[in-house]
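Peer 1: return a 3D structure for these sequence lines:
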Amino acid sequence: MNQKRIAIFGSTGSIGTQALDVIKANPDLFTAEILTAQSNDELLIKQALFFNPNIVVIGDEKKYQTVKTALSHTNVKVFAGEAAIAEVALIDCYDIMLAAIVGYAGLRPTLNAIELGKPIALANKETLVVAGDIVMRLAAEKRIPIIPVDSEHSAIFQCLVGEGRNKIEKIVLTASGGPFLGKKPNFLVNVKKDHALQHPNWSMGAKITIDSATLMNKGLEMIEAKWLFNLDAHQIQVVVHPQSIIHSLVMFNDGSIKAQMGLPDMKLPIQYALAFPQRIANDFPRYDFKKPSTLTFEEPDLKTFRNLALATDALYKGGNMPCILNAANEIAVFAFLRNRIGFLDMTEMVEQTMAKVSFIEQPTLQEYFDTDAEARDFAASLVHM
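Peer 2: Numbering: from 1, shown residues only. Here you go, the predicted structure:
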C-alpha cells in the first residue's frame, strides 16, 4: 500500500488522538499532513512537534501566537480561526480527510474536502445529520468515497463489502445502553455530569458520551445511516446490546444476517477507514469467546430515553428537522456539562426547539445554516445562555 497523507480535522479529540496512534504505529503507511484543533493548543503543539505535519490550525485565534512561537523552529505552517479550519481543507496536500471535529462545526471542512475531490473517513456524524442529502449528493457527483468511522456504521460498511447490488431488508444498529441502562426517570432526574460521563464500554469525548447516556447518539446514528447507505427510515432498527461486541448487523432480502464483531476499540474502525480497501495487521486485543460467554439484546426504553424517540421522529419527518434536533441537542449537552440544566432537561430543550423552529421540507444549504442558527438561538434562550 502506498503511503497515505492524512488530514486530521479534530486531532486533539478522542478520535483524532487515536488516529494519530494508528499513524504512529504504521509510519510506512501513513503520515499526518494536516492537524486542526479548536482550543487545545498544548496538545496540538505536542502533536505537531512529533508528527511534523505540513499544516496546523488552531481555531481559537487568541492561541495563534503560542502555537506559532512553539513551532517557529520547524517547517510547519500555522493558521488560526474558524474560517481557516474550513479553508485548509481546500489545500491539495493530503490524500484522505479524517473528519473528527465534534458537532455541526465539522460540516464546512468536510464539504470543502469533497469539493476538492478527497475521500472522507467520516467520524463526524452530525455532518450527515444536518445536511446529509447535500453532502451525499456532492460526494456522488464527485465520485468521492465516504468511509464511516463510527463503529456501528463501519460495521455495516464492512458487512456490505462484496454484496454489490444485493438488497438490504434492514440494518440493526446496536446500542450499549450507556451508563443508565434499565434506569427510570425518578433516578435520572438526579443524575450529574460526572456520573453521565462514565461510559461502561467505550472511551469517548464528553459530548458523545453524554449523547450515549441519553441515547441521542443512537438517534443521530439512525439519521446518519439513512444517508450513508441510502435507506428508508423503516429499514433502520436499534437494539440494545450491553456487551458492545456486535457493532451492528445487516439483514438482506433473503433473511440472511451479517454482523461485524470485535472488542470495543475505536482504533479498529479508524484503521479500517484509513487503510481501506486493505486490512492491516495490528496488536490490538482480540475478542475471547469465553469472555463474555453470553451476548444479549433488548428493545430500547423509548419512554424513559425519549431522545431516541425524538430522533426517530426527525428521521421520518426529514427536511430540516434533523438539523433542528442536532442544534438543540448540542446546546442542551453544552448546558448540561456546565451544570446549567439537569439530565432530563436536555430532552425537554430538544423537544421544545423541534416544536418551535419552522419546518422546511427541502432545504438549501443556506437554509440548513439558517436553521442551525435559529435552533441554537432558541435552545439557548431556554436556559438564558
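Peer 1: got the domain ranges for the protein?
Peer 2: In terms of domains, the chain is parsed into 4-148, 164-264+286-313, 318-380 (source: automatic domain parsing).
Peer 1: lowest average pLDDT across those domains?
Peer 2: Out of these, domain 164-264+286-313 stands lowest, with a mean of 92 (criterion: mean pLDDT).
Peer 1: for that one, measure first residue to last.
Peer 2: Across its full length, domain 164-264+286-313 reaches 31 Å between end residues, using Cα to Cα, to the nearest Å.
Peer 1: now swap in stretch 352-368 and tell me
Peer 2: End-to-end span of stretch 352-368 (Cα to Cα): 19 Å.
Peer 1: now the strands for the chain?
Peer 2: When secondary structure is read from DSSP state E, the chain shows strands at 4-9, 30-37, 55-58, 77-80, 96-99, 120-122, 146-148, 168-175, 236-240, 246-252, 257-261.
Peer 1: now do the last one: distance to the chain's middle.
Peer 2: So the one you mean is strand 257-261. Averaged C-alpha coordinates place strand 257-261 at 21 Å from its chain's average position (Cα atoms, centre = their mean, to the nearest Å).
Peer 1: hmm, who's touching that strand?
Peer 2: The set of residues that contact strand 257-261 without belonging to it, under Cβ atoms under 8 Å, 6 or more residues apart in numbering, is 154-156, 158-159, 245-252, 287. Using the backbone N, CA and C atoms, a C-beta is placed for each residue, glycine as well.
Peer 1: now, the most widely separated pair of those residues?
Peer 2: Greatest spatial distance in the contacts of strand 257-261: F252 and Y287, 24.3 Å, computed using Cβ to Cβ.
Peer 1: which one's more surrounded, the two?
Peer 2: Higher neighbour count among F252 and Y287: F252, with 16 against 12, using other Cβ atoms under 10 Å.
Peer 1: you'd agree the more buried one is up against E169?
Peer 2: Yes: with contact taken as Cβ atoms under 8 Å, F252 and E169 are classed as touching, separated by 6.0 Å.
Peer 1: how about the domains of the chain, which one is nearest Q278?
Peer 2: Shortest separation from Q278 across these is recorded for domain 4-148, at 9.1 Å, computed as Cβ to Cβ.
Peer 1: that closest one: end-to-end distance?
Peer 2: First-to-last distance for domain 4-148 - Cα to Cα - comes to 17 Å.
Peer 1: ok so, going back, can I get the strands of the chain in JSON lines with distance to N329?
Peer 2: Converted to JSON lines, these look like this (distance: least, Cβ to Cβ, whole Å):
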{"stretch": "strand 4-9", "distance to N329": "21"}
{"stretch": "strand 30-37", "distance to N329": "23"}
{"stretch": "strand 55-58", "distance to N329": "26"}
{"stretch": "strand 77-80", "distance to N329": "28"}
{"stretch": "strand 96-99", "distance to N329": "19"}
{"stretch": "strand 120-122", "distance to N329": "19"}
{"stretch": "strand 146-148", "distance to N329": "20"}
{"stretch": "strand 168-175", "distance to N329": "16"}
{"stretch": "strand 236-240", "distance to N329": "17"}
{"stretch": "strand 246-252", "distance to N329": "22"}
{"stretch": "strand 257-261", "distance to N329": "27"}
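Peer 1: coming back round to it: now which of the contacts of strand 257-261 would you call buried?
Peer 2: 154-156, 158-159, 245-252 (16 or more other Cβ atoms under 10 Å).
Peer 1: quick one: which of the residues you listed is nearest to G10?
Peer 2: When these are ranked by distance to G10 (Cβ to Cβ), S154 comes first, at 17.2 Å.
Peer 1: please name the nearest non-neighbouring residue to the closest one.
Peer 2: Sequence neighbours aside, P269 is the residue nearest to S154 in space, at 3.7 Å (criterion: Cβ to Cβ, 6 or more residues apart in numbering).
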